[in-house]
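# What follows is a predicted protein model with its sequence.
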Amino acid sequence: DELNLQLLSVQPAAVLCVCDAVTFGPLCSGNSDNSRRQSDSRGQGHYGARRGDRVHKGLDIMCTDGSTVYAPFDVTLHGNVIVYTDPAKAAINQGINLRGEGLCFKLFYVRPDKTSGSVRKGQRIGTMLPMQSVYPGITSHVHVQMCDKSDPTPYF
């Protein structure tokens, strides 16, 4: 007996990546619309801004020193971030690694309440560090950096 096999042609359906629709919720108390750092005496806060001989690989979201920092969506915490090697910047040398909504990102200049576990959208994750003590006159901000150093702007 001969066995006849028929192959079914399956057309792929459209694939929607949830990452395309992700928008960061408020990061900092007092800045519910995630206003960005613009131009100040220390430079600019947009992705790609020049920093002398280097390029800014994040987006700066305004946040007053000492303010509460919130989870922008449901996230898992993946350890602390050391921002600088310069001991003169020790007052702001903290941050946190986060993952959520298919994204991996870091928040700089934040003293995290904890560095592991899960946090729901809008829950406190830490405190904005005293940026004015290191960079007087700068617009204090949380620096948002994607783990792959791609541009975080589309998520805002």
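It's in. What you see is a predicted model; the values in this text were computed from it and never measured.
# Where in this structure is the helix or strand with the lowest mean pLDDT?
The weakest-scoring helix or strand in the chain, judged by mean pLDDT, DSSP states H and E, is strand 50-51 (a mean of 88).
# which is the next helix or strand following that one?
strand 54-55 (DSSP states H and E).
# got the CA coordinates for the next helix or strand after that next one in CSV?
Reading on from strand 54-55 to the C-terminus, the next helix or strand found by DSSP H and E is strand 59-62. The C-alpha trace of strand 59-62 is given here as CSV (Å, rounded to 0.1, in the frame of the first residue of the first chain):
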residue,chain,number,x,y,z
LEU,A,59,17.3,59.6,28.3
ASP,A,60,17.2,61.9,31.3
ILE,A,61,13.8,62.2,33.0
MET,A,62,13.5,65.2,35.4
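# mean confidence for the helix or strand just after strand 59-62?
Beyond strand 59-62 in the direction of the C-terminus, DSSP H and E gives the next helix or strand as strand 68-70. Averaging pLDDT along strand 68-70 gives 98.
# Residues contacting strand 68-70, please?
25-29, 63, 107, 110, 121-128, 142 (CB atoms under 8 Å, 6 or more residues apart in numbering). Where you see a C-beta, it was placed from the backbone N, CA and C, and this is true even at glycine.
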